[in-house]
Structures are given as C-alpha cells and as structure tokens.
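In: coordinates only, sequence not included:
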C-alpha cells in the first residue's frame with residue numbers, strides 16, 4: 001500500500017509546528033528514515049516574515065528537512081496553483097528518498113489544493129485587470145453583491161471586503177463559465193491522512209494572548225521596519241497578514257503599541273476561528289487533543305503516530 005501523506009492541520013497557535021516536528025522524529029524511530037516537513041502556512045512562504053508568523057527557526061528544526069519556507073519576497077503574491085505544483089513535487093521527492101512527507105499548516109485553501117483533486121479554472125489577465133480596477137474604484141462591496149447574485153454559495157464564504165477573492169470568483173464565472181462553489185470537494189489526489197489539533201477556544205485565546213506578547217517583545221516592530229525597507233508596503237498579500245498590517249498601522253502613527261497588540265490579538269482570534277470552521281465540515285479530518293504545553297508535545301505526536309500507523313495498515 002502507498003504510504004499516505006500526513007497532514008497536521010488546525011487553527012493557529014494549537015502547536016502544529018511542534019507536533020509535526022516531533023512526529024517526524026517518531027516516524028524515524030518507527031518507520032526509518034523519518035519525516036520531512038512541507039509547510040502549508042501561506043504567510044510562512046515569505047522571507048523575513050519570521051516573528052509574526054511564528055516560523056520555526058532553523059536551529060529549532062532539529063535537523064528535520066523543511067520545504068516551502070522562505071520561497072517568496074514580500075513584494076510577491078502567493079499563488080495557490082504554484083504552491084500545488086511545487087509542494088507536490090517536494091512530496092514526490094521526499095517519498096522517493098524513502099522519507100514520509102508531513103504537511104503542516106492551517107491555510108485551508110492551500111491544503112485543499114495540495115491534498116485534493118483540485119484543478120484550477122482558467123484565467124484572463126484582461127478580465128482580472130478590469131475587475132480589479134472596478135474593485136479599486138467602486139469598492140469590493142459592489143462586486144460582492146454581484147457575486148451573490150451569480151453564486152450565492154460562493155459569496156457566503158467570501159468576506160465582502162476581500163477584494164482579491166471576490167475578483168477571482170467573478171473571473172472564474174466570466175472566463176470558465178463555472179461557479180467557484182462547484183470546485184472539487186473532499187477527494188484526495190493521493191492517499192492522505194489529516195490530523196487536526198483541537199483546543200477549546202478559551203485556552204486557545206489565552207495562548208494567542210501570550211504569543212502576541214512574546215512576538216512584540218521579541219522584535220516584531222523591528223522586523224516590520226526591516227521588511228518595509230524590502231518593499232512590504234508594496235506587497236499585496238504580505239502587508240495584509242495578521243500581525244504585519246497592525247504593526248504597519250502602529251508605525252504610521254494610527255495605533256499606539258498597546259492598541260496594535262490588542263488588534264493583533266483580536267484578529268488572530270478571528271483567524272483561529274475561521275481556520276477551525278474550515279476543517280470542521282471535512283469528514284476525513286481526525287481530531288486529537290492539542291498539546292497543553294511543551295511537555296505534552298510528545299503525547300500529541302504519539303497520538304498522531306497511532307493514527308498514521310492505523311492508516312498505513
């Protein structure tokens with residue numbers, strides 16, 4: 001039987017990176033020569049965005065190979081299609097070496113594109129440019145109402161201010177004559193097992209609070225200042241990332257330090273709930289208790305290992 005791809009998924013701050021790393025080492029003991037990590041956090045693609053994305057430093061990766069980290073400059077736009085192609089190539093190469101690919105992240109659309117049968121509808125630069133110009137001039141709300149009239153299911157899943165996703169949905173409808181809500185669902189491209197880390201919201205909120213304080217004390221403001229010099233303000237995606245958008249507002253004088261930290265916490269809580277809601281409806285996702293603290297990471301990794309071994313039998 002083909003060994004399934006393992007994916008450690010779930011909300012931000014649940015401990016995915018630590019559990020994925022521990023699982024890679026456990027697989028080395030149980031199914032040598034171990035695992036390699038494939039990142040599926042879209043903000044960790046960006047070079048230099050380290051503190052605000054909780055990117056695992058090289059020294060803390062314990063010799064485990066990591067893929068899909070630091071692949072973009074902050075001025076570049078992340079592409080789901082490009083990620084699908086390059087990450088699948090990383091997985092194929094990992095398995096060819098006899099290792100096990102462990103996908104780690106909470107970016108739901110990127111995970112779906114990587115793991116599932118997911119073909120991308122065509123694009124048309126002229127159509128997209130026209131829609132983008134309208135979104136800029138008229139505001140995304142008008143385009144969102146148009147989308148709601150054409151594809152209510154898709155519109156219900158896209159925030160009325162998310163111009164990028166609204167434009168893409170309308171582009172698909174116009175160019176491909178298809179609906180974004182009709183994209184493939186819940187069918188793996190290759191054997192896979194998704195393991196989500198579950199943590200009650202009350203505990204997750206406490207963890208987010210502590211994480212944001214650590215990030216701020218650990219140099220987030222200086223990181224953002226440096227990235228501004230590398231073109232962060234020109235980046236369509238990177239500058240809007242949680243932690244970075246609020247810090248930019250602080251540097252512009254719109255927020256004081258305390259206000260910026262509180263806004264980061266609030267937006268991170270919203271992101272965590274959005275991620276949780278993404279994975280809940282997928283019947284293939286298996287849930288285990290997130291590690292309560294650093295000492296509990298090994299337990300969570302062993303729980304994940306048991307599911308992996310069961311799926312591999």
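Out: Received it, and whenever you're ready, just let me know what you need. Keep in mind it's a predicted model, so treat the numbers as computed, not measured. Numbering: from 1, shown residues only.
In: which residue ranges of the stretch 201-313 of the chain form helices?
Out: For the stretch 201-313 of the chain, the helices defined by DSSP state H, counting those that start in this stretch cover 201-217, 220-229, 244-251, 257-279, 297-312.
In: excluding its backbone neighbours, what's nearest residue 25?
Out: residue 34 (6.5 Å; Cβ to Cβ, 6 or more residues apart in numbering). (Glycine included, C-beta is placed from N, CA and C.)
In: ok, the one you found - contacts?
Out: 24-25, 27-28, 64, 99-100 (Cβ atoms under 8 Å, 6 or more residues apart in numbering).
In: if we go to 6 Å?
Out: If you count contacts by Cβ atoms under 6 Å, 6 or more residues apart in numbering, residue 34 has them with 24, 27-28.
In: out of those residues, who's nearest residue 81?
Out: residue 24 (27.2 Å; Cβ to Cβ).
In: tell me how this protein divides into domains.
Out: According to automatic domain parsing, the chain comprises the domains 5-118+185-312, 125-182.
In: hang on, the earlier thing: out of the contacts of residue 34, which are buried?
Out: 24, 27-28 (16 or more other Cβ atoms under 10 Å).
In: and of these, the nearest to residue 149?
Out: When those are ranked by distance to residue 149 (Cβ to Cβ), residue 24 comes first, at 47.7 Å.
In: verify the contact between that closest one and residue 64 for me.
Out: Yes - using Cβ atoms under 6 Å, residue 24 is in contact with residue 64, at 4.7 Å.
In: and the residue nearest the centre of the chain, backbone torsions?
Out: Taking Cα atoms, centre = their mean, the centroid of the chain lies closest to residue 107, which sits 2.3 Å from it. Backbone torsions for residue 107, taken as degrees, to the nearest 10, come to phi -80, psi 100.
In: tell me how far it lies from residue 303.
Out: Relative to residue 303, residue 107 is positioned 23 Å away (Cβ to Cβ, to the nearest Å).
In: over to residue 201?
Out: Distance from residue 201 to residue 303, by Cβ to Cβ: 21 Å.
In: just want to know which of these two has more residues nearby.
Out: Comparing residue 201 with residue 303 by neighbour count (other Cβ atoms under 10 Å), the higher total belongs to residue 303, at 18 against 13.
In: any idea how far the closest residue to the more buried one other than its chain neighbours is from residue 9?
Out: Using Cβ to Cβ, 6+ apart and skipping residues adjacent in sequence, the residue nearest residue 303 is residue 288, 4.4 Å away. Using Cβ to Cβ, residue 288 is found at 11 Å from residue 9.
In: which one's more surrounded, these two?
Out: Looking at residue 288 and residue 9 with other Cβ under 10 Å, you find the greater number of neighbours at residue 9, namely 26 against 20.
In: so what pairs up with that one in the strands?
Out: Assessed by DSSP bridges, residue 9 has beta-bridge partners residue 196.
In: can you get me a residue count around residue 59?
Out: Residue 59: 6 neighbours (other Cβ under 10 Å).
In: got it, and the one 4 residues further on?
Out: For residue 63, the number of neighbouring residues by other Cβ under 10 Å comes to 9.
In: double-check that it belongs to a strand.
Out: No - according to DSSP: H, G, I helix; E, B strand; the rest coil, residue 63 belongs to no strand; its state is coil.
In: show me what contacts it?
Out: Contacts of residue 63 (Cβ under 6 Å, 6+ apart): none.
In: against residue 25, how distant is it?
Out: 9 Å.
In: repeat that for residue 173.
Out: Residue 173 is 47 Å from residue 25, by Cβ to Cβ.
In: and if you look at residue 73?
Out: From residue 73 to residue 25 the distance is 32 Å (Cβ to Cβ).
In: just residue 301 next, same as before
Out: 8 Å.
In: which of these two has more neighbours?
Out: Neighbours per residue (other Cβ under 10 Å) separate residue 301 from residue 25, with residue 301 holding more: 24 against 16.
In: touching, the more buried one and residue 18? I think so.
Out: No - using Cβ under 6 Å as the test, residue 301 is too far from residue 18 to be in contact (8.3 Å).
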